[in-house]
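> Give me coordinates for this.
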Amino acid sequence: MAWFSPKKPVTTTVAADAVEVEPRAAATATPETPAVARVELPVELPRGATAAVVPAVVEPAEVPVVHGGHTRLSADTTVIGGIETASDLWIGGRIEGDIASGGAVHITTAGAVVGCVHATTVRVDPGGGMHGPVVAQTVSISGIVEGSIRAASRLSISSTGRVFGDVSAGSMEIDDGATLQGRCLMLPRR
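The predicted structure follows:
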């Protein structure tokens, strides 16, 4: 099973006397756009080649944290293994493994998930599908779900939606033409 994790920043230690801050960058530096230090690092070349120097950018130690991001997996992507993310996840490909998201999980027309999905919001578009349980605050099904659904707040199944499994929710909306094969349980309001 493959493990996929977000890219981690690479940390480089450079001697203080090797760092040169460009004068123009230092003059225009603000808290939002700090000065960029430039470091010249030698590159080892094969025997007989001429020496070269490649400029490298050393970023400031404090990097701003980006909130509210999203991850997109296109139709030509297959992930075998679990995914854990704090951001929204848009699935156009196939995932074989469990998903834990602090945001929304959107399974598009070409998307498929085989595994358990835990998120704040789960949406399955027409043509999209999943095989496994869903646990979320709100769930909207227009595709196919083969597995149980627990929506703490709201569950809606559109006319194109097909659900094969037990469902429980604080409130439910099931359109004419929708399929629901399983037991239904209304959760008590808090």
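
> so where is this protein shaky, pLDDT-wise?
Applying pLDDT under 70 to the chain flags the ranges 1-68, 190.

> If we use 80, what do you get?
1-70, 189-190 (pLDDT under 80).

> domain assignment for it?
With domains defined by automatic domain parsing, the chain comprises 1-64, 70-186.

> Run a quick neighbour tally on the residue nearest to Gly103 when sequence neighbours are not counted.
Distances taken as CB to CB, 6 or more residues apart in numbering place Asp88 nearest to Gly103, at 3.9 Å, with adjacent residues excluded. Using the backbone N, CA and C atoms, a C-beta is placed for each residue, glycine as well. Asp88 has 19 neighbours, counted by other CB atoms under 10 Å.

> Who is Asp88 paired with across the strands?
His70 (DSSP bridges).

> Surely it and Val122 touch.
No. Counting by CB atoms under 8 Å, Asp88 sits too far from Val122 to count as a contact (11.1 Å).

> Can you give me the end-to-end span of stretch 94-108?
10 Å (CA to CA, to the nearest Å).

> how about that stretch: buried residues?
Residues 94-101, 103-108 are the ones in stretch 94-108 that count as buried (16 or more other CB atoms under 10 Å).

> about what we covered before: who are the neighbours in contact with the residue nearest to Gly103?
69-71, 101, 103-106 (CB atoms under 8 Å, 6 or more residues apart in numbering).

> residue ranges for the helices of this protein, please.
In the chain, the helices defined using DSSP state H lie at 23-28.

> Could you single out the nearest of the buried residues of stretch 94-108 to Gln181?
Ranked by distance to Gln181 (CB to CB), the buried residues of stretch 94-108 are led by Ile107 at 19.6 Å.

> ok, how many other residues are close to the residue nearest to Cys184 when sequence neighbours are not counted?
Leaving aside its chain neighbours, Cys184 sits nearest to Val167 (5.7 Å; criterion: CB to CB, 6+ apart). Using other CB under 10 Å, Val167 has 24 neighbouring residues.

> Test my guess that Gly129 contacts Ala112.
Yes. Using CB under 8 Å, Gly129 makes contact with Ala112 at a distance of 5.5 Å.

> so what's in contact with Asp88 and Val122 at the same time?
Common neighbours of Asp88 and Val122 (CB under 8 Å, 6+ apart) are 104-105.

> if we can go back for a sec, mind picking the one among the contacts of Asp88 that's closest to Glu146?
Val105 (16.2 Å).
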